[in-house]
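Enquirer: Sequence and computational prediction follow.
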Amino acid sequence: MASNYQFQNTGRDLQKDLLGHWYKRLEDAPKTGTPVAYLFISGNICELLRCFGFEIVFPEVNALQCGIKKVAGNMILKAEDLGYSSDVCGYVKNDIGLVASGNRGPFGTMPKPDLLVCNYSGCNTYIKWFEALAELYGARFFMLDVPYRRTGETMRPEDLHYVVKQLEQLAQVCAEISGNKFDMDKLREQLEYARQAEELWVKILHSAKNRPSPFDAFFEAVFFMAPIYVLRGTKECVDYYQAAWNEIEERIQHNIGPLSEERFRVVMEGPPPWPNFRNFWELFKRWGVVSVASTYSKVGGIWDFGMRHDPSRPMESLAEYAVNCYTNWDWSLRRSMLERYAKEYSADALVIHSVKSCRAFSVGQADVREHFSKVQGLPTLFVESDLADPRYFSEAQLRNRIDAFFESLEHRRMASRQPVTAAPTKSGSAT
Amino acid sequence: MLVAGVDVGSTGTKAALLDENKKVRALALVDTGANVVRAAERAFREALAKAELEEWDVSFTVGTGYGRYRVPFGDLQVTEISCHAKGACFLFPQTHTILDMGGQDTKAIRVSETAEVKDFSMNDKCAAGTGRFLTAAAQVLNLGLDDLASIASESKKPLKISNVCTVFVEQEIMMHLAKGCAVEDVLAGVHSAIAGRSIALLRRVGLEPEITFTGGVARNRAMVTALEERLKVKLNVAPESQHIGAIGAALFAWERAAHGEVGKTRSNSNGPAERDQRRSLT
């Protein structure tokens, strides 16, 4: 990447500061008497909880922080010592290991929950995760049952009504625990901030349609997306995306991409292997691979397809958001999303990073591979490791697959340019 | 013009030398062992000795296999997937699908009409369905690897080996032997289990004939038979199946050399002058 432009690294550095301050507030919550709720990222209804003054802990974010700070392996072993099987989700085991470590991670000490809101029901393991935490902490557990979205179904009014009714119940529970009354104006104000941040984030995501893409929509997006997941509905979050957009805009103006040369544009499916994030990125960088769209950066919300929080319909738009998050879509809906990305972002290939310890999301990826490589004719690479468990990361095997894949794309490109002498021959015989 | 391909695999390191007509001048095979760099050098030198040539005769060298970046005299690194595809299509021009079964990897590769890799699939995180599975069986039965095929082919009633783990398959074999099952039936079952796994990989990329079987395990006749029986199609198997990766690497080297590129073994040496100097020292 070219250096010395005005807003260089703004998005990355500000994100780091924001998350640092947020973790500090979480650590201080017991001292300040602030109530604490735990939430999942996908379709989270953080604005509603913040109305009651809750600080919000996202155990998934803690798990990925443990991964990137290289302590996930130890946390996972602690959970396995307690009897969790090696097949259980790496995020869950990391979090259980964190509880067993006195809730102390590389980001500080996490406060205990006053309320656990299981706001994502698309993965059964996630429900069991919060049920386990409720037992371990003795905290109140609220199940927000969100209907799954399947192909051919529009968002059904009865589904939204079902979620709205649960949100109203949740508001009562929040009032009981926090001692604060529900303030609709406060919720509307937060949803307006959410909407503004979403507009800016979508501009950033769409900017990857440029050639070169000004940013890596997977390896960089995972940092850029953090504020909209954990701090959405706040002014600081809007300010962050304005600053991040300034950086992206400047990159576009100067034709700056994440790499010195963009040789392959790919769509990424699946989360990164957090404990080996940098190594994994390097395996792609050396081939000049830039991700122009990714599904992982949408697990918190698919605003790029038009979803927005709406202050004029507060509860309804929260419900729409919860129902319509990426992880709450079935495979055929996700597949159509990948098809759109491949086309709209002019991708050369699809890369699927499958997660060994996540059956809920790995199942179906082989079919996606088959669909893209055979039906769509889009070269598709399938690699596997884990999002949290470093034991599943085999660099030699990954490198071999990634090298072979981009090598074959390069050979095909070369062959189409030099059809006479450099094209691999099929004639000749050995003696 | 002479070019070289060196395939540093997990078990064996192979070298191939090709001349300007793409004629194979020499092949060599050594155990990889712990010292990958030395294995690459030994295989290269052995091939040169067979061809009665010297390293400065080699215009360009391509390294492949897991140890491709540890071939100190390599001018270019190409994955074994591309090299096996290249080598297989060179030996059998009608190849559309390749099954490469090596010491720790099994790969299914689909190639285009012009021999470009279109798709590939490999075993993941597990050596079941690879040559390692056979090694485990040979060890527990106290047999040599080369004996397996002939014994397995005597089986009249192959057993069903259900284990998918290379480590646990040893226990399963012991259990069958303890029950009094015949060694040949156990071995035939092992071959059949590996064939089943490999065919699943082949189906992922699409089973389009002709299918060429490469890698060290392709020398095993019982494995060829097990695959052919299940696939109901005849496989292409070359006598030099184990060297196909190295031959493919040499073909990539040939393309570079044909474009006038000169690699380090030639450009770094003084050629005949160095040879004369060596002779005077000895």
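Expert: Good, I have the coordinates.
Enquirer: quick one: buried residues of the helix or strand bottoming out on mean pLDDT in chain A?
Expert: None of the helices or strands of chain A scores lower by mean pLDDT, DSSP states H and E than helix A:359-362, at a mean of 82. Buried residues in helix A:359-362, counted by 16 or more other Cβ atoms under 10 Å in any protein chain shown: A:361-362. In this view, the C-beta of every residue, glycine as well, is placed from N, C-alpha and C.
Enquirer: Tell me the secondary structure of whichever residue of the stretch 1-150 of chain A sits closest to chain B, please.
Expert: Closest approach between the stretch 1-150 of chain A and chain B, counting by Cβ to the nearest Cβ: A:Ser86, at 12.3 Å. Judged by DSSP: H, G, I helix; E, B strand; the rest coil, the three-state class of A:Ser86 is coil.
Enquirer: Is it in contact with A:Lys356, as I believe?
Expert: No. Counting by Cβ atoms under 8 Å, A:Ser86 stays clear of A:Lys356, with 9.6 Å between them.
Enquirer: What is the burial count for the residue of the stretch 1-150 of chain A closest to chain B?
Expert: Per other Cβ atoms under 10 Å in any protein chain shown, the neighbour tally for A:Ser86 reads 13.
Enquirer: How about the contacts made by it?
Expert: By Cβ atoms under 8 Å, 6 or more residues apart in numbering or on different chains, the residues touching A:Ser86 are A:Glu80.
Enquirer: where's A:Leu191 relative to A:Glu47, distance?
Expert: 6 Å (Cβ to Cβ, to the nearest Å).
Enquirer: what is in contact with the two at once?
Expert: Taking Cβ under 8 Å, 6+ apart as the criterion, A:Leu191 and A:Glu47 both touch A:233, A:309, A:318.
Enquirer: Could you verify my assumption that the first one touches A:Leu48?
Expert: No. A:Gly233 is not in contact with A:Leu48 according to Cβ under 8 Å; the separation is 9.1 Å.
Enquirer: where along chain B do the strands fall?
Expert: Secondary structure of chain B, counting by DSSP state E: strands at B:2-8, B:12-19, B:24-31, B:58-64, B:76-77, B:97-101, B:106-111, B:117-122, B:211-214, B:235-236.
Enquirer: any weak-confidence spans in the stretch 151-300 of chain A?
Expert: By pLDDT under 70, the stretch 151-300 of chain A contains no weakly predicted segment.
Enquirer: Where do the strands of it begin and end?
Expert: Under the criterion DSSP state E, counting those that start in this stretch, the stretch 151-300 of chain A contains strands at A:264-269, A:289-294.
Enquirer: top helix in chain B by residue count?
Expert: helix B:183-205 (DSSP state H).
Enquirer: quick check: angle from it to strand B:117-122?
Expert: Interaxial angle of helix B:183-205 relative to strand B:117-122 (axes from the mean of the first three to the mean of the last three Cα atoms, to 10 degrees): 140 degrees.
Enquirer: quick one: buried residues of helix B:183-205?
Expert: Those buried within helix B:183-205 under the rule 16+ other Cβ under 10 Å are B:183-199, B:201-202, B:204-205.
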